[in-house]
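Novice: fold the following and give me the result.
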Amino acid sequence: MVVQPIRARHSGVPAQTPAAGGRTGVVVAFRPARAVADRFTWRDRINLLEWAETAGALGICRVSLERPEAEMGDFALFYDATTEWARWAVARDGGGYLLWSPNSGETVGLFPSLAAALAGIRDAAA
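Specialist: Numbers count the residues shown, from 1 in each chain. Prediction:
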């Protein structure tokens, strides 16, 4: 028996191919999930968690790394004991890192690196 690859058509109509024994099977083409570019790298995640260990001096008591299912990128939320909402948030944005305050809605800035965005939290908290 010779098996040949089947190229699925993208017309929305299932491709039909002969199966073993002469029967006809249906191959349904699934479109791959769209990749979201603004995801934290593993190095970003490690750096965020390491930074969180020292953030108590700024009053930050909890850090939450979020990966929404929607077509938006990852973000980190930084909470302190004085606000109901996250005090700070950092997200990947293209080639940089966006720092904003979810509590006030204020955008602090777009930084070239995660380290610079985290330093922005220290500067803004001072």
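Novice: now Ala116, nearest residue through space, not along the chain?
Specialist: Tyr97 (7.2 Å; CB to CB, 6 or more residues apart in numbering). From N, CA and C alone the C-beta is placed, and that goes for glycine too.
Novice: got it, and Arg67?
Specialist: Once chain neighbours are set aside, the closest to Arg67 by CB to CB, 6+ apart is Asp74, at 5.1 Å.
Novice: show me the contacts for the residue nearest to Ala116.
Specialist: Residues near Tyr97 by CB atoms under 8 Å, 6 or more residues apart in numbering: 90-91, 110-114, 116-117.
Novice: how long is stretch 65-79 from one end to the other?
Specialist: Counting by CA to CA, to the nearest Å, you get 12 Å between the two ends of stretch 65-79.
Novice: with stretch 86-104 instead?
Specialist: 10 Å.
Novice: do the same with stretch 108-122
Specialist: End-to-end span of stretch 108-122 (CA to CA): 12 Å.
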